[in-house]
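[1] need coordinates for the below:
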Amino acid sequence: MKSKKRKVYRDEFGRFAKKPQVFGVKGVALFLILVLNWNLLGIIHDTIAYFNDQETSSASFMAGSLDFELNSPAEFNPGFLAPGETAMRTIEFVNLSNTPKYKIKAADFTGDLCEYLDIEANLKSGDIEFSGKLTDFVFGPVVYEAPEIWDFTLSLPNDAPETAQGQTCQFNFVFFGSQTKNNLEFGLGFNDEEQIGSNVGSKTCYSSETRSKGYWKTHPNVYFPHLPQTLGCSIVDGLDCLFGNETVGTQAKLLQILDTDYSLSMRNKLRGQLLAMKLNVAHFGVGDYFVAATSQTINEIIVEADDLLRQNPAPNNDALEAMKTLLESLVDLHIQVCSINGAPALEVPLSSKIVINEFL
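    Residues are numbered from 1 along each chain as shown. The predicted structure follows:
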C-alpha cells in the first residue's frame, strides 16, 4: 500500500510555512453570488416602493380623472301624447375633466306606455343618430366634441292600440363616459356615469261631434232646452241690444239669426255661426276643447267673437269673416278628442284642458 506524499511548503527564506490561501474559482463564484444577491435585494426593495407610490399634483385636478354632467332645461314637452303626436327634450353633455368617449342608452323602464313609444336621437341638429323603439335605444361610443347637445323626440304611433291610452312611461337616459388616453378599450380606465329621468303619459282619446247651423234650425226639440242664448251686440244692432248682449230666447229669434238674416251681411253670418257654436257648447259640452290651430279653447274663441260684435264702430269685414270662417270650421264635424288622464308626476305643470287632436 503506497503512502501518500505530503507536499511541504517553504517561505522565501527556506523555512517551513502554511499553504498559501489562493482565491480560486470557487471563491470567485461565491463572491459573485453574494454581490448579485445584495443587488437583487435592492431591486426588490425599489419595486415594492414603486407599486406603493402615491403620486400627487399641486394643480386643481387629479391626473387621470374623468367627470361630466348633464343639463336639461325641461322635461319632455308636451308631457302627454295622443296617437300621432310627438314630444321633445334637449339634454346637454358637459365635460368637466378630460375628454371621454361616451355612450347613451334608455333604461330602467316603468309603465306600460314604454313599449309603444318610438324615439329619434339627434346630435347638434345634424343627421338622426338613432330612430326606433325607445326600449331599444343605445348609441355610441362616440368621442366628446364640445358642444354636445342632444335633441330627443318621442312619438306615439298612429296605430298604437287602445291599451296604450291613459298609460305612463318613466325611464332614465344613462350616459356612460370612459377615458380616451393611452388607447384603452372603452370601459377601462377612469369612467363616470350620469343619469337623467324622464316621464311621459298618453292621452285618453274618444270621438265627439258638433252640429252646423243647418242642424240647429231644424231640430227645435234639441235646441229648446238650451235657450235662451246671448250674442254680443252694439248700438248698430238697435233695440235688441241691451248692455252689450242680444238675447235669443224664442224659436222665431233663433230662425231669424240662423236663416232669414244670415245672408244679409258678414256681420249676420258671424252671428249665425256664433249662435250655432254656443248651442254646440250647451248640448255637447265642447267649450273647454282646445283648438290646436289657435292655442285657444272654444270658449275663448267665443269670447273673442262676442267682443267683435260689440265693437263700435264695427270692425272691418275681413276681421268678421276670419272669425266666421274659424267658427264654421269647428261645427258639423266628428272630432277626435283626447283628454289628459292619469298624469305622472312631472317637473313641468300640465294643462288640464281637453284637446282637439284631429278633425276627421
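[2] what about stretch 168-185, average pLDDT?
    Regarding stretch 168-185, the rounded mean pLDDT is 86.
[3] list the buried ones in it?
    168-180 (16 or more other Cβ atoms under 10 Å). Bear in mind the C-beta positions are built from the backbone N, C-alpha and C, glycine included.
[4] same thing with stretch 219-231?
    Using 16+ other Cβ under 10 Å as the test for burial, stretch 219-231 gives 223, 227, 229-231.
[5] equivalent analysis for stretch 112-130, please.
    113-114, 116-123, 129-130.
[6] same question for stretch 242-254.
    By 16+ other Cβ under 10 Å, the buried positions in stretch 242-254 come out as 244-246, 248, 253-254.
[7] quick one: contacts of it?
    With Cβ atoms under 8 Å, 6 or more residues apart in numbering as the contact definition, stretch 242-254 has outside contacts at 216-217, 220, 223-224, 227-234, 237, 240, 257, 275, 310.
[8] just these: which are in helices?
    216-217, 220, 223, 275, 310 (DSSP state H).
[9] isn't residue 111 up against residue 170?
    Yes: if you go by Cβ atoms under 8 Å, residue 111 and residue 170 touch, sitting 5.6 Å apart.
[10] and residue 321, what does it touch?
    266, 269-270.
[11] quick one: the helices in this protein?
    25-51, 213-217, 220-223, 251-255, 266-284, 298-310, 317-329.
[12] hey, least reliable of these by pLDDT?
    Among these, helix 25-51 scores lowest, with a mean of 41.
[13] let me know the closest of the contacts of residue 321 to residue 297.
    For the contacts of residue 321, the closest approach to residue 297 (Cβ to Cβ) belongs to residue 270, at 18.8 Å.
[14] just give the nearest non-adjacent residue to the closest one, would you?
    The shortest distance from residue 270 to any non-neighbouring residue, by Cβ to Cβ, 6 or more residues apart in numbering, is to residue 324 (4.4 Å).
[15] who touches residue 315 in this structure?
    Taking Cβ under 8 Å, 6+ apart as the test, what residue 315 contacts is residue 308.
[16] chain neighbours aside, what residue packs nearest to residue 272?
    residue 262 is the one closest to residue 272 (Cβ to Cβ, 6+ apart), at 4.5 Å.
[17] was I right about that neighbour contacting residue 269?
    Yes: look at residue 262 against residue 269 with Cβ under 8 Å: they come within range, at 6.0 Å.
[18] of those two, who's got more company?
    More crowded of residue 262 and residue 269, by other Cβ atoms under 10 Å: residue 269, with 22 against 17.
[19] so the spatially closest residue to residue 130 that is not a sequence neighbour bridges to which residues?
    Nearest in space to residue 130, with sequence neighbours left out and distances taken as Cβ to Cβ, 6+ apart, is residue 121 at 4.2 Å. Applying DSSP bridges to residue 121 gives these bridge partners: residue 130, residue 152.
[20] got a list of what residue 121 touches?
    With Cβ under 8 Å, 6+ apart, residue 121 has these contacts: 104, 128-131, 137, 139, 150-152.
[21] now the strands for the stretch 151-300 of the chain?
    In the stretch 151-300 of the chain, the segments counted as strands under DSSP state E, counting those that start in this stretch are 168-179, 191-202, 204-209, 229-232, 241-242, 245-248, 289-291, 296-297.
[22] switch these over to JSON lines; also include distance to residue 303.
    Shown next, in JSON lines, are those (distance: least, Cβ to Cβ, whole Å):
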{"stretch": "strand 168-179", "distance to residue 303": "34"}
{"stretch": "strand 191-202", "distance to residue 303": "30"}
{"stretch": "strand 204-209", "distance to residue 303": "21"}
{"stretch": "strand 229-232", "distance to residue 303": "9"}
{"stretch": "strand 241-242", "distance to residue 303": "17"}
{"stretch": "strand 245-248", "distance to residue 303": "13"}
{"stretch": "strand 289-291", "distance to residue 303": "13"}
{"stretch": "strand 296-297", "distance to residue 303": "9"}
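[23] looking at those, spot the one closest to residue 330.
    strand 289-291 (6.8 Å).
[24] let me see the mean pLDDT of the closest one.
    78.
[25] that one pairs with which strands?
    For strand 289-291, pairing defined by DSSP bridges yields strand 296-297 (antiparallel), strand 354-359 (parallel).
[26] could you tell me the least trusted of the ones you listed?
    The bottom spot among the strands paired with strand 289-291, by mean pLDDT, belongs to strand 354-359, with a mean of 42.
[27] report the distance from stretch 286-293 to the chain centre.
    25 Å (Cα atoms, centre = their mean, to the nearest Å).
[28] list the buried residues for it?
    286-287, 289-291.
[29] ok, those residues vs residue 160, which is closest?
    residue 290 (20.7 Å).
[30] verify the stated contact: the closest one with residue 296.
    Yes: if you go by Cβ under 8 Å, residue 290 and residue 296 touch, sitting 7.4 Å apart.
[31] was I right to think the residue nearest to residue 270 contacts residue 268?
    No: between residue 324 and residue 268 there is no contact under Cβ under 8 Å: 9.6 Å.
[32] so which of these two has more stuff around it?
    A direct count of neighbours by other Cβ under 10 Å for residue 324 and residue 268 places residue 324 higher, at 22 against 17.
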